[in-house]
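> From the sequence below, what's the structure:
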Amino acid sequence: MGFAPSSDATAPAPAPGAWWQAHRHQIDTLLRRVGGLLFRGFDLPGPTAFADFVDQVLVRDAYVYRSTPRTEVGERVYTATEYPAARSIPMHCENSYQDTWPRWLAFYCDLPARAGGETPLADVAEVTRLLPDDLKQTFARKRVTYRRHYRDGVDLPWQTVFGTRDRGEVEAYCKSHGIA
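As a prediction, this is how the structure comes out:
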């Protein structure tokens, strides 16, 4: 579902945080109903302005235990996964390998792609509901185990994934998150 502050192209873009606060009840209602909203027409000139806006409207956690190469372009603002443009990333559950997940994800487009560049979103509960029952039973019976290997040339270095060079910190993080 899309959302724009004004249909008047000559009107100045409103301050995003103030606009959000003024429409918070409506936005919360829509988010609960449809799961995601697209906002356009706001003046957010760069990652810092985006980070400031997100800090006004959401609680942001540190991005730890990540799994793909990204560059931090602002405080807790990252590029999309840095894969070659000719590659696509299949639909996935963000941070599904973790024991806790972000309540909300916020995306910002600073430089639109010349072609393609889409970021499709899906309601995973609905996608799961549409799977055949025998397939869901097979998943439940076999269970899932995630294994990550931190080797040169494969995945990310453990120091990047955990945001530290201290093995003791990594061991404590793993222990407190049920990671063997």
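
> Spell out for me which residue occupies the centre of the protein.
Leu105 (4.2 Å; CA atoms, centre = their mean).

> does that residue sit in a helix, a strand or a coil?
When classified by DSSP: H, G, I helix; E, B strand; the rest coil, Leu105 comes out as coil.

> Do I have it right that it meets Glu94?
Yes - if you go by CB atoms under 8 Å, Leu105 and Glu94 touch, sitting 6.2 Å apart. (Glycine included, C-beta is placed from N, CA and C.)

> All the strands of the chain, in order from the start?
With DSSP state E as the criterion, the chain has strands at 2-3, 38-39, 72-74, 77-78.

> In CSV, list those strands along with distance to Gln98, mean pLDDT and mean neighbour count.
Output for these, formatted as CSV (distance: least, CB to CB, whole Å; pLDDT from 0 to 100; neighbours: other CB atoms under 10 Å):
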stretch, distance to Gln98, mean pLDDT, mean neighbour count
strand 2-3, 29, 50, 12
strand 38-39, 26, 82, 14
strand 72-74, 19, 84, 14
strand 77-78, 16, 86, 18
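
> Tell me which of these sits nearest to Pro132.
strand 38-39 (31.4 Å; CB to CB).

> Against which helices or strands is that closest one packed?
strand 2-3 (3 or more CB pairs under 8 Å, 6 or more residues apart in numbering; DSSP states H and E).

> Mind putting the strands of the chain into a markdown table with distance to Leu130?
Below are the strands of the chain laid out as a markdown table (distance: least, CB to CB, whole Å):
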| stretch | distance to Leu130 |
| --- | --- |
| strand 2-3 | 24 |
| strand 38-39 | 23 |
| strand 72-74 | 36 |
| strand 77-78 | 31 |
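
> Quick check: which of these is nearest to Gln137?
Gln137 lies closest, by CB to CB, to one member of these: strand 38-39, at 35.8 Å.

> That closest one: partners in the sheet, and parallel or antiparallel?
Looking at strand 38-39 with DSSP bridges, its partner strands are strand 2-3 (parallel).

> what bits of this protein have low per-residue confidence?
Where the chain drops to pLDDT under 70, the residues are 1-14, 153-154.

> Mind doing that once more with 80?
Applying pLDDT under 80 to the chain picks out residues 1-14, 40-42, 58-66, 85-88, 93-104, 116-118, 144-147, 151-155.
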